[in-house]
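Asker: Quick check, what structure comes out for this input:
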Amino acid sequence: MNLQRPSTIFYGWLVVAAAFVITFVGFGSAYTFSAFLDSLQHEFAASRGSVSAVFSLAGFMYFALGIVSAPLADRLGVKALSAIGMTLVGLGLILAGQAQTILQVYAAYCIGIGVGVGCAYVPTLGAVQRWFVERRGLASGLAVSGIGVGTLVMPPFALWLIADLGWRNAYTTLGILAIVVGLAAAFVMEDEPGCRGLQPDGIARTMVVGSLQAGNDTPVGQAIRTRRFAGLYLASFLSALGVFVPFVHLAPYAVDHGVPASAAVWLLGAIGIGSTIGRFFLGGIADRMGRESFLIAMYIGMAASLPTWILGGSLSQLILFALIFGLFYGGWVAILPAVVADLFGARHAGRIIGVLYSSVALGTLVGPGAAGFIYDRSHSYVIPIAVSAAANAGAAAVMFLAARRPSAGRVSRWSQSIPPD
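Answerer: Residues are numbered from 1 along each chain as shown. Sure thing, here's the model as predicted:
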């Protein structure tokens, strides 16, 4: 097979840039929730547990819907699914600004942001995996770094809008921006390099027969019955129980400890900074050290960092926690899709990621909401934080045990299929 690299910029990097914007808009909009939590509590006279459950339900929706959105993307194309998703995110924000009851806020977040991100996220990640093989960890990390940058930029921006326009008009403004920017990125997306006569990693295809990934793709039904997938699924569920607790409760925790609300919201920005560093720079390291080993290290890092939250009472201590936690969280999000593509091949990666993320959906549904209700009863975050750390330690142990037995027939460390156990 005669392969050559094109002289112009590889379109896969434009796909990565578009995925960055889509994750920035989708997750950045979702993570503005902490900036609105106080306003929603006061407006609807709701408890912290009931309001934080809004985030949990929306998170459940956008991770769980990957099971549906990935097959739909195979039929309709990632461009169409991303456009639909970004439109729904914007409409959800606008409707949240019009809500007259807490139940209407639930509906706006779940149907709008939850379904919207669910439509766009997994198909976008699946497309990125198909555009790269050797640089898959780096590309995946750059694509999802939009989540980290969105976490850094959007909550403080939302707080500024709330102060200037009020919380209802702030939601409307964010919704319009989400639609305009999100649609622009969606129309840049492309399903796979073959659509442009290319192979993964920017190699021009000049011969019809052959593919860098031929023979390495495991069908979805076969993949989900393997021991490796079971390990990934359980580890992802355990980790998600605790990973998203800080996104909802770190700012209120800081306010409870005397930090002004205007400063506390920047703690999410600190998570975003750490997360962005993790996604930008750790993905390349994972490509060199082995992506499964790297994933285990991320679980250990999150488990070790979460207890330092309990020890933090001052703003500086909480910022340090947020940066360190964000670093490992960003590395986890960046590398998980790449590990799926490594183990089962890129062709069906989107569908397999969609099934896998149902575990993250379940953990997201339970974790932040349960933490809020435990706080309402105990007036302390000690138990939720301790459980979150233990769950991530358990995730590391599960992944280590699942990876101990090498799978037969492994083709390469980048792209291979796993025979059924």
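
Asker: all contacts plus neighbour counts: C-alpha atoms, from now on.
Answerer: Noted.

Asker: And the pLDDT at the most centrally placed residue in the chain?
Answerer: In the chain, the C-alpha nearest the mean C-alpha coordinate belongs to residue 333, at 5.5 Å (CA atoms, centre = their mean). pLDDT, residue 333: 83.

Asker: mind listing what it touches?
Answerer: Shown here is residue 333, whose contacts under the criterion CA atoms under 8 Å, 6 or more residues apart in numbering are 141, 144, 279.

Asker: Any stretches of the stretch 151-300 of the chain with poor pLDDT?
Answerer: Within the stretch 151-300 of the chain, the stretches with pLDDT under 70 are 203-216, 283-284.

Asker: can you give me the helices for it?
Answerer: Defined through DSSP state H, counting those that start in this stretch, the helices belonging to the stretch 151-300 of the chain, from first to last, are 167-186, 220-223, 227-243, 245-256, 261-264, 266-289, 291-305.

Asker: Relative to residue 90, which of those helices is closest?
Answerer: Comparing these against residue 90 with CA to CA, the closest turns out to be helix 167-186 (3.8 Å).

Asker: Just the C-alpha atoms of that closest one, please, in CSV.
Answerer: Extracted C-alpha coordinates of helix 167-186, given in CSV (Å, rounded to 0.1, in the frame of the first residue of the first chain):
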residue,chain,number,x,y,z
TRP,A,167,-30.4,34.9,36.4
ARG,A,168,-33.3,34.6,33.9
ASN,A,169,-31.7,36.9,31.3
ALA,A,170,-28.4,35.2,31.9
TYR,A,171,-29.8,31.9,30.9
THR,A,172,-31.3,33.4,27.8
THR,A,173,-28.0,35.0,26.8
LEU,A,174,-26.1,31.7,27.3
GLY,A,175,-28.7,29.8,25.3
ILE,A,176,-28.4,32.1,22.2
LEU,A,177,-24.6,31.9,22.4
ALA,A,178,-24.7,28.1,22.6
ILE,A,179,-26.8,27.8,19.5
VAL,A,180,-24.7,30.2,17.4
VAL,A,181,-21.3,28.9,18.4
GLY,A,182,-22.4,25.2,18.6
LEU,A,183,-23.9,25.1,15.2
ALA,A,184,-20.8,26.7,13.6
ALA,A,185,-18.7,23.9,15.1
ALA,A,186,-21.1,21.1,14.2
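
Asker: still on that earlier bit, quick check: of the contacts of residue 333, which has the highest neighbour count?
Answerer: In terms of neighbours by other CA atoms under 10 Å, the contacts of residue 333 top out with residue 279 at 34 neighbours.

Asker: Touching, that residue and residue 336? I think so.
Answerer: No - contact between residue 279 and residue 336 fails when scored by CA atoms under 8 Å: they sit 11.3 Å apart.

Asker: Can I get the helices of the stretch 151-300 of the chain in CSV including distance to residue 11?
Answerer: What follows is the helices of the stretch 151-300 of the chain, written out as CSV (distance: least, CA to CA, whole Å):
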stretch, distance to residue 11
helix 167-186, 14
helix 220-223, 27
helix 227-243, 31
helix 245-256, 34
helix 261-264, 40
helix 266-289, 19
helix 291-305, 24
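
Asker: out of the ones you listed, which comes closest to residue 328?
Answerer: helix 291-305 (5.1 Å).

Asker: Counting neighbours, show which residues of the following helix or strand past that closest one come out buried.
Answerer: Next in sequence after helix 291-305, counting helices and strands by DSSP states H and E, comes helix 307-311. The neighbour-count criterion (16 or more other CA atoms under 10 Å) identifies 307-310 as the buried residues of helix 307-311.

Asker: And for stretch 113-126?
Answerer: For stretch 113-126, a neighbour-count test (16+ other CA under 10 Å) marks 113-126 as buried.

Asker: Report whether the expected contact of residue 82 with residue 119 is present.
Answerer: Yes - here residue 82 reaches residue 119: they are 6.4 Å apart, a contact under CA under 8 Å.

Asker: what do the two both touch?
Answerer: Residues within reach of residue 82 and of residue 119 at once, by CA under 8 Å, 6+ apart: there are none.

Asker: give me the number of residues near residue 378?
Answerer: Neighbour count for residue 378, taken as other CA under 10 Å: 11.

Asker: Tell me, what's the model's pLDDT at residue 405?
Answerer: The predicted local distance difference test score for residue 405 is 56.

Asker: The residue nearest to the centre of the chain looks like it's in a helix, true?
Answerer: Yes - looking at residue 333 with DSSP: H, G, I helix; E, B strand; the rest coil, it is inside a helix.

Asker: roughly how far apart are it and residue 355?
Answerer: From residue 333 across to residue 355, the span is 16 Å (CA to CA, to the nearest Å).

Asker: Equivalent analysis for residue 31, please.
Answerer: Per CA to CA, residue 31 is found 23 Å from residue 355.

Asker: cool, and residue 114?
Answerer: 16 Å.

Asker: what number of residues lie near the nearest residue to residue 347 once chain neighbours are set aside?
Answerer: Using CA to CA, 6 or more residues apart in numbering and skipping residues adjacent in sequence, the residue nearest residue 347 is residue 217, 6.0 Å away. Using other CA under 10 Å, residue 217 has 21 neighbouring residues.

Asker: So residue 217 is in contact with residue 342, correct?
Answerer: No - Residue 217 lies out of contact with residue 342 (CA under 8 Å); the separation is 9.5 Å.

Asker: so residue 9 sits in a helix?
Answerer: No - assignment of residue 9 by three-state DSSP gives coil, placing it outside any helix.

Asker: That one and residue 200: what is the separation?
Answerer: Between residue 9 and residue 200 the distance, using CA to CA, works out to 13 Å.

Asker: With residue 269 instead?
Answerer: In this structure, residue 269 lies at 34 Å from residue 200, with CA to CA as the measure.

Asker: same thing with residue 312?
Answerer: When distance is defined by CA to CA, residue 312 is 45 Å away from residue 200.

Asker: When those two are compared, which one has more neighbours?
Answerer: residue 200 (24 against 17).

Asker: need the contact list for the more buried one.
Answerer: 12, 130-133, 193, 212.

Asker: ok, now residue 329?
Answerer: For residue 329, the residues meeting the contact criterion (CA under 8 Å, 6+ apart) are 243, 275, 278, 298, 302.

Asker: Where neighbours are concerned, which of the residues you listed has the most?
Answerer: Using other CA under 10 Å as the neighbour test, those are led by residue 275, with 33 neighbours.
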